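S.K.: Sequence first, then the predicted structure, then my questions.
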Amino acid sequence: MFIYLSKKIAIPNNVKLRCAAWNSDQGWIACGGQNGLLKVLRLESAAQPDGKGPRGIAAASNLTMNQSLEGHNGAVVCATWNANFKKLTTSDENGLIIVWVMHRGMWYEEMINNRNKSVVKDMKWTTDGQKICIAYEDGAVIVGSVDGNRLWGKEMKIQLAFVEWSPDGKSLLFVSKDGEVSVHDGMGNKVSNLALYVVDNNNRSERDYKIVGVHWYDGCEGHISQEAPTLAIAFRDGKVQITRGRFDENAVLIDTGMELTQVRWNNDGSVIALAGTQYDSGSRNGAGSESKEFNVVQFYNPFGRHLRSLRVPGSRIEALAWEGTGLRICLAVDSHIYFANIRPAYKWGFYSNTLVYTHNRVDQIENCVVFWDTKSDERYTKYIKGLVGIKAAGDNCVLVTKVYNEDLGELGVRPGDPHDQGSFKEIQYHLILCDTIGSPIETKVIDFEPVHVSMTSRHIVAASSDAIYVWQYRNSSAKLTGLVSGTGPANPNVVDISSISQLLQRGGGREKIFYVDEMQGNDMENFRYIQRELEDPICAICASDSWLVVARASGMIHCFTLPHISLEMKYIVNCRPQQLALNCNSTLLGVIDINGMMTIMELGSAGSLNATQAKMLNFEKKDTWDMMWAEDNPELFVMMEKARMYVYRGLEPEEPVSSSGYLCYYKDLQVKAALLDEILSNPDQPNKGMIIDFQTRSLRDAKELLDNVGLAEACEYIQDHPHPRLWSLLAEAALEQLDFGMAERGFVKCGDYSGIQYIKRLQLLNDRVKQKAEVAAYFQQFGVAEELYCKIDRKDLAIDLRQRLGDWFKVVQLLQSGGGNDTLLTHAWNMIGEYYADRHKWEKAIKYYAQASNISALAHCYYTLGDFNQLESLVSEIPENSPLLKEMAVKFTRAGLCSSAVEAYLRMGDVKSAIDSCVLLNEWERAVTLAEQHNFPQIENVLTKYASHLMMNGKTMQAIELYRHANKSTEAAKLLGKLARDMNKNPLRAKKLQVLAAFEVERMRKKMLDVSSMTSTKATAAAQVTAQTLDTLVQHDAATGENRSLDNPWRGAEAYHLYLLAHRQLYGGALERSLRTSLKLTAYEDILEEREIYSLIALTAFYTKHYEQCSKAFIKLETLPGQSDKELTATSELALKIFRSSRPQDPNARPQECPSCRSYVKDWDTRCNNCSRTFHTCMMTGATILDHRTFACKTCRHYSIETEIRDRKNCPLCHVAFA
């Protein structure tokens, strides 16, 4: 950063000032002093309303308000602003407090308070402006609200000096006169004492350790870093303690070496200003020397790094205040107010028309980095954690980030991991190479803090105080030396530096590292960095494509060659450099020292390594904060002095231009600068007006001569001030006047070979109007060129011009007005359609593709829009066997439109692809039909293999569904039956599967035995029908022959149905019915487990006292094979226990008669033993149907007693609804 005094305001009558405060939002400045002096001032920029002229701090500032406020009698010692509510609170040495408000442009008293007991030492508002805390010298504390109400008061019983609110307004810090800091809650209750690490309690002096100021940054504009400290406490002896809140054991300690009086953070917490008095004892001049005092303001970053010092005239700095933008400070010294302008060291860069800059957000921990394309006005935002710096050059930029070990731990990297090369550092620094939209290209890791970074079009150089790292990221053939492959992060707006594993790899690019005292670079693999404390550290670096220049604090300058690192020269300058810059041929070095003095030294050829005094040019410039050499001329450079820009040719300056812009580049006699102050005031919406181009005087004069005098005079001027840009300007002006000789001379001088060839082509044209038209086209005045061609009735040339430009809209317009052909018009329509398609305006593209009859392009547009109806209509317009049919069929298949895909494939005669499409879309029935129609037998093998594959992967249900879609009911029924047998432990599910298997068999039978369709034709003879029927029966027998269970498909469903029915009856208390149903299960021993059947019979027979049936069941159970001895013993013991007291006889029951032979039958018999008549079983009750009225299901053809099923709507077996 750079700071300089810019304005001085004197207070009338030499009244000494005691306090000053700057309103951060509205810009009012309050200053109080002796004799009740209180003034409110306001400085406003005098920028022109049209935006022209100087802007920002470069614009003149005028005093637009200067109001004296009357109300205090004593010296005003304290003033504080409430920016949110636009109020000013002041207090004098008599304890009088006044709250001021603005009304109609004037300040008036709103409230007055006078305790009449003690002096107010400090007053602070909370961040939101809702509460104010007033601390009196005698220890009294009052907290009030913004509307004037007293919230609470307390007597601290100590003498107070300062008070400070925490950023959230929930805590208070009180500083006593004795130098103790105590922490209190929002109601004034003490919580703890704040540790002061700079105080030596063993050698403590009341004067030395007196606290002169405390300031806690409120975080309203975010933080530059997550770990940045915010609470600053300044001591009189020059020491400062900065902590991260109340509980920070790693405080930042600063020793300024002067007697402090003031401490203040800037607007975003990135800089802390420390004001005080510096003493020069004059010991160097002898004991009799008088000491000298200087008012100095020192600036530090939050981590204690010194940024800049500012000397201020006067006897003592009584007050210091920052402007709300952080670009100015005001200092109250004696009876004057001094204003100083600040040029912050922003983190930014400019490359390939892209401005990259960073700013803080309150809602983000990461730094927000914006990549702004200043030509297209497109912006890309990335969020990067721990951003340290930004540098840019050529076509890339580098982001320097700080990464802690917990971030690296997310990668699984631990000590001893091979990725960390044997050393696991707590903190590492990453160099991320990015393109113009912020996408990371490659990342390198270094172990030291890169305090200084420089970048060229080929190299990135990073240096600490003792070591230098050089990365050649691009070689001389303009190719990146290493590209990291891999996918990017999940959120495209976040550069996740800790989630890419290749960050810890050293692949790609040539890397060198060395200490500043070494003669040449070392490979990364052979170097282990160990930090060293040097008396002469590195203070600045710069690089070109061939040289690396390193400056040290003593003024020693080392020159190394690139890309092969080798020390070639050493020079000594009489200053401490802070910024270096090499010109385009590396012969001159610009040096800006820590005091802002700019000098230029010559670089000689490689020679002795002994340090020699640098040869300095006769050039010195004070108050310089930036400079840049021209990219195309080694003698041209531009520098910034305060708020002025100077352009130099050699050592001769042009007239200065008022500007506060930051230099982007200097080329072609134009300086591009970015108004970063204004850009960062609204970083989310920068506008192109914030990028300014300045033309040098030679460029302006040459343009003026060409416009107002003539080519000859301009040529003479350019010969005296030669530059390729001026010769190019002359050539273009001559070309516009058709002076081809002068134009050719200009192109030769500027080395424009294509321009020379263009002149030769123009000279071949025999028509002056044609030449004018071509020149107009050269200057991109295409409308003028078209008019000239039409004027000479050469519309074909106008059409050709528009074709070369790609302006197909104009081509169509010209063709429709006459002078063209249909082929060209069709081509133009196609190109317009392509224009809209490239911009995803598909509806407009369809309109022009339709006019051009471009079926292929129409298909792509309809497919993109998802308009498959229109896409299907295109199939009929495509000739058969056209390759486009295959493309459209593929599109239909991807969209799941099987019929359309099949139609397209069949139209091109590709039956196999049609079947493949059906298989892919699981339309197996359609696939089988196509295979049968076109004699394609391979479908059966494909179907079988796919089903086997599903079965092997345990996807039996998918295999069943596959067979059903393919109309293979037999295979589906077999799989369902097998699945039911595998699930016999779940009888309900097994029954459902058996029912589904039966349905599949019924569907197969219906298809095979249905001959109604054949007999509907009158021409079919009865004999033919009989033959067809016999063939169908043979096919049916072949289909069911391998699995006889398919002959009676409902038998399995009957078994599980009766098994479940018997259990329901048993648990429902219908024991007789349960016995009757369970006894019928003996016919299904091939389906159900015998142990389950006879266990159920034994149980129901026991409960119904049918001991004969129970005995038979136990006999069967005891003879079942595969039982263990334990099970057999348990069964025998249970049978013995039952039949020890009961005889194996059934109770007498009412006899039932066979309807045919009148013989006696039992309730559970399914066949008459006398006449062998078979009886049906009621599916509703499990009873034997003898002479009851029955109801038969039309689907499964099973019977139920009519009285039992009267209230049911579905078949109890197959569950099909009754008609």
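M.R.: All right, it came through fine.
S.K.: From the domain annotation, what segments belong to each domain of this structure?
M.R.: For the chain, the domain assignment from automatic domain parsing gives the residue ranges 2-43+61-343, 346-493+500-531, 937-1046, 1150-1219.
S.K.: Out of those domains, which is closest to residue 1124?
M.R.: Among the domains of the chain, domain 937-1046 comes nearest to residue 1124, with 19.2 Å by C-beta to C-beta. No exception for glycine: its C-beta is placed from N, CA and C like everyone else's.
S.K.: related to what we said a few turns ago, just put the domains of the chain in TSV and tack on distance to residue 1107, mean pLDDT and mean neighbour count.
M.R.: Compiled in TSV, these are given as follows (distance: least, C-beta to C-beta, whole Å; pLDDT from 0 to 100; neighbours: other C-beta atoms under 10 Å):
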stretch	distance to residue 1107	mean pLDDT	mean neighbour count
domain 2-43+61-343	88	90	18
domain 346-493+500-531	75	80	18
domain 937-1046	27	69	16
domain 1150-1219	15	84	16
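S.K.: Out of these, which gets nearest to residue 774?
M.R.: If we rank the domains of the chain by C-beta to C-beta, the stretch that ends up nearest is domain 346-493+500-531, at 27.3 Å.
S.K.: measure the closest one end to end?
M.R.: For domain 346-493+500-531, the first-to-last residue distance is 28 Å (C-alpha to C-alpha, to the nearest Å).
S.K.: same check, this time on stretch 303-314
M.R.: For stretch 303-314, the first-to-last residue distance is 30 Å (C-alpha to C-alpha).
S.K.: just stretch 893-909 next, same as before
M.R.: 17 Å.
S.K.: Report the distance from stretch 1197-1213 to the chain centre.
M.R.: 67 Å (C-alpha atoms, centre = their mean, to the nearest Å).
S.K.: For it, give me every contacting residue.
M.R.: With contacts defined as C-beta atoms under 8 Å, 6 or more residues apart in numbering, stretch 1197-1213 is touched by 995, 1050, 1053-1054, 1057, 1176-1181, 1183, 1185, 1188-1193, 1195-1196, 1214, 1216-1218.
S.K.: One more pass at 6 Å, please.
M.R.: 1057, 1176, 1178-1181, 1185, 1188-1193, 1196, 1217-1218 (C-beta atoms under 6 Å, 6 or more residues apart in numbering).
S.K.: mind checking the end-to-end distance for that stretch?
M.R.: 10 Å.
S.K.: quick revisit: let me know the closest of the contacts of stretch 1197-1213 to residue 116.
M.R.: With C-beta to C-beta as the yardstick, the closest approach to residue 116 among the contacts of stretch 1197-1213 comes from residue 1217, at 99.3 Å.
S.K.: Leaving out the residues flanking it, which one is nearest to that closest one?
M.R.: Distance criterion C-beta to C-beta, 6 or more residues apart in numbering; nearest residue to residue 1217, sequence neighbours excluded, is residue 1210 at 5.4 Å.
S.K.: Just the C-alphas of the host helix or strand of residue 443, formatted as CSV.
M.R.: Residue 443 is located in strand 440-446, with elements delineated by DSSP states H and E. Coordinates of the C-alpha atoms in strand 440-446 are reproduced here as CSV (Å, rounded to 0.1, in the frame of the first residue of the first chain):
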residue,chain,number,x,y,z
PRO,A,440,-7.8,-24.4,-12.1
ILE,A,441,-5.3,-25.8,-14.6
GLU,A,442,-2.5,-27.0,-12.3
THR,A,443,-1.4,-26.6,-8.7
LYS,A,444,2.0,-26.6,-7.1
VAL,A,445,2.8,-26.9,-3.4
ILE,A,446,5.6,-25.0,-1.6
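S.K.: Could you number the chain from 38 rather than 1 from now on?
M.R.: Yes, from this point I'll number from 38; that puts the last item at strand 477-483.
S.K.: What strands line up against the helix or strand just after that strand, and which way round?
M.R.: Downstream of strand 477-483, the first helix or strand assigned by DSSP H and E is strand 489-492. Here strand 489-492 is paired, per DSSP bridges, with strand 496-500 (antiparallel).
S.K.: ok, the helix or strand following the strand it pairs with: who's next to it in the sheet?
M.R.: Following strand 496-500 in sequence order, the next helix or strand is strand 504-509 (DSSP H and E). Partners of strand 504-509 in the sheet, by DSSP bridges, are strand 496-500 (antiparallel), strand 547-552 (antiparallel).
S.K.: any chance of those strands in a markdown table, plus distance to residue 363?
M.R.: Output for the strands paired with strand 504-509, formatted as a markdown table (distance: least, C-beta to C-beta, whole Å):
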| stretch | distance to residue 363 |
| --- | --- |
| strand 496-500 | 27 |
| strand 547-552 | 36 |
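S.K.: now for these, which one comes closest to residue 1166?
M.R.: Among those, the nearest to residue 1166 by C-beta to C-beta is strand 547-552 (84.1 Å).
S.K.: which residues are in contact with the closest one?
M.R.: 503, 504, 505, 506, 507, 508, 509, 558, 559, 561, 564, 602.
S.K.: Show the contacting residues for the fourth one.
M.R.: When you say that, I think you mean residue 506. Counted by C-beta under 6 Å, 6+ apart, residue 506 has contacts 483, 499, 550.
S.K.: who touches stretch 979-991?
M.R.: 995, 996, 999, 1003.
S.K.: for the third one, what are its contacts?
M.R.: Right, the one you point to is residue 999. Going by C-beta under 6 Å, 6+ apart, the list of residues near residue 999 reads 961, 984.
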